[in-house]
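**Student:** with the sequence up front, the predicted model follows.
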Amino acid sequence: GESVGLHLPTLSVQEGDNSIINCAYSNSASDYFIWYKQESGKGPQFIIDIRSNMDKRQGQRVTVLLNKTVKHLSLQIAATQPGDSAVYFCAEKEAAGNKLTFGGGTRVLVKP
Amino acid sequence: DAGITQSPRYKITETGRQVTLMCHQTWSHSYMFWYRQDLGHGLRLIYYSAAADITDKGEVPDGYVVSRSKTENFPLTLESATRSQTSVYFCASSDPGQVSRYGYTFGSGTRLTVV
């Protein structure tokens, strides 16, 4: 289940189960959204993106859902694997510019 | 090697010393960014640059200086390091036409400890 740790929210998930990571964004003028994965000791890496004219986009084992009505973004990871253990960040881009604003991140811990 | 590289990977310095973190990218991206990431927290923008010789403050610029004399390099200098600047520093780059396709590309980070 999801719990709020001392710093980052943490999602503990059993290997093989599906994970859902949530992100509330703030700017209704944002037109582009990205999910990043950050493994321990590394920089954030692009996973999947979605534009504001879409509500769902699928990649390999990952799906991003966008609900503009409530300004909510989610990342679903199917059949979570140990290699999915990382911190996941959402980012949004305002339509008028090229600057990304990052969310606080969620730590995913995969239990064997 | 192509990509974005940061150096050093790890640095320990004393309070009051000046230290410079280096960032080099080989794509000729016009945008470059410096972020700090503190334990258990998200990314906070320190400075960014839209092109050579153009820099601007981000969310937490105090105590930091940047320069961008060449497109490929964006060094970050701590003029007089303080313990509160102990953090992991990430450099990122992008182009105007790429932000809405790939976002930013990040380096591997520099872990700085100020003692």
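**Tutor:** Thanks, I have the structure now.
**Student:** CA only for contacts and neighbour counts going forward, please
**Tutor:** Will do.
**Student:** any idea of the pLDDT on residue 39?
**Tutor:** With no chain named, the answer covers chain A. Per-residue confidence at A:Glu39 stands at 94 (pLDDT).
**Student:** oops, chain B please
**Tutor:** pLDDT for B:Leu39: 79.
**Student:** beyond the worst-scoring helix or strand of chain A on mean pLDDT, next helix or strand please.
**Tutor:** Across the helices and strands of chain A, mean pLDDT, DSSP states H and E gives its lowest value to strand A:2-4, namely a mean of 34. Per DSSP states H and E, the first helix or strand lying C-terminal to strand A:2-4 is strand A:9-14.
**Student:** show me what that next one is packed up against.
**Tutor:** Under the contact definition 3 or more C-alpha pairs under 8 Å, 6 or more residues apart in numbering or on different chains; DSSP states H and E, strand A:9-14 sits against strand A:2-4, strand A:106-111.
**Student:** any weak-confidence spans in chain B?
**Tutor:** Applying pLDDT under 70 to chain B flags residues B:1-2, B:40.
**Student:** and it, which residues reach chain A?
**Tutor:** Listed as neighbours of chain A in chain B under the rule C-alpha under 8 Å from any C-alpha of the partner chain: B:39-43, B:90, B:96, B:99-103, B:105-109.
**Student:** quick one, which of the residues you listed are buried?
**Tutor:** B:Gly42, B:Leu43, B:Phe90, B:Val99, B:Ser100, B:Arg101, B:Gly103, B:Thr105, B:Phe106, B:Gly107, B:Ser108, B:Gly109 (16 or more other C-alpha atoms under 10 Å in any protein chain shown).
**Student:** how close does the last one get to A:Ser30?
**Tutor:** Which is B:Gly109. 27 Å (C-alpha to C-alpha, to the nearest Å).
**Student:** turn the buried ones among the residues of chain B next to chain A into a markdown table, columns for secondary structure.
**Tutor:** Shown next, in a markdown table, are these (DSSP: H, G, I helix; E, B strand; the rest coil):
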| residue | secondary structure |
| --- | --- |
| B:Gly42 | coil |
| B:Leu43 | strand |
| B:Phe90 | strand |
| B:Val99 | helix |
| B:Ser100 | helix |
| B:Arg101 | helix |
| B:Gly103 | coil |
| B:Thr105 | strand |
| B:Phe106 | strand |
| B:Gly107 | coil |
| B:Ser108 | coil |
| B:Gly109 | coil |
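**Student:** out of those, which comes closest to B:Tyr35?
**Tutor:** Nearest to B:Tyr35 among these, counting by C-alpha to C-alpha, is B:Phe90 at 5.1 Å.
**Student:** now the closest one. Nearest residue, chain neighbours left out?
**Tutor:** In space, and not counting its chain neighbours, B:Phe90 is closest to B:Gly109: 4.5 Å by C-alpha to C-alpha, 6 or more residues apart in numbering or on different chains.
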